[in-house]
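*Asks:* predicted structure and sequence below. I'll ask about it afterward.
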Amino acid sequence: MRPSHLLFIFLLLLTVIDGTLYLHAKRLGSDIKDEQALQEIAVAGLGLTDLAVATEARYTRHPAVSDPMAPFMDHPGAIEHFPTGSFWNAPENTGTR
């Protein structure tokens, strides 16, 4: 087998893998949209400002009683003081551009 044939087979394999990953991402995107719609219904039904997953917070949602520096404590290099912060990653897709 010539080296050019091996290169062609390798490029064909990469193309198939790329197409498969693209189709998987498209399907996953529609699943995320469906899940987000269900979460919005739950949030609206419960009257929340957002879906709360943990009760530990350094500040409350109302500006009159929150610490003015609290939003600036949540940066990627900040030290995590609460144990539940180690269980969840930051959201991958926030829907903003």
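*Replies:* In hand now; what should we look at? Numbers count the residues shown, from 1 in each chain.
*Asks:* how close does Lys33 get to Glu40?
*Replies:* The gap separating Lys33 from Glu40 is 11 Å, by CB to CB, to the nearest Å. Glycine gets a C-beta too; all of them are placed from N, C-alpha and C.
*Asks:* just for this structure, where's the confidence low?
*Replies:* Scanning the chain for pLDDT under 70 picks out 49-91, 93-97.
*Asks:* and with 80 instead?
*Replies:* The chain contains residues with pLDDT under 80 at 43, 46-97.
*Asks:* all helices for it, in order.
*Replies:* 3-46 (DSSP state H).
*Asks:* distance of Phe10 relative to Ile17?
*Replies:* Distance, Phe10 to Ile17, using CB to CB: 11 Å.
*Asks:* next one: Lys26
*Replies:* For Lys26 relative to Ile17 (CB to CB), the value is 15 Å.
*Asks:* please apply the same query to Asp34.
*Replies:* The gap separating Asp34 from Ile17 is 26 Å, by CB to CB.
*Asks:* and if you look at Asp31?
*Replies:* From Asp31 over to Ile17 (counting by CB to CB), the distance is 21 Å.
*Asks:* same check on Pro3?
*Replies:* When Pro3 is compared with Ile17 (using CB to CB), they lie 21 Å apart.
*Asks:* same check, this time on Ser30
*Replies:* In terms of CB to CB, Ser30 sits 21 Å off from Ile17.
*Asks:* thank you, goodbye.
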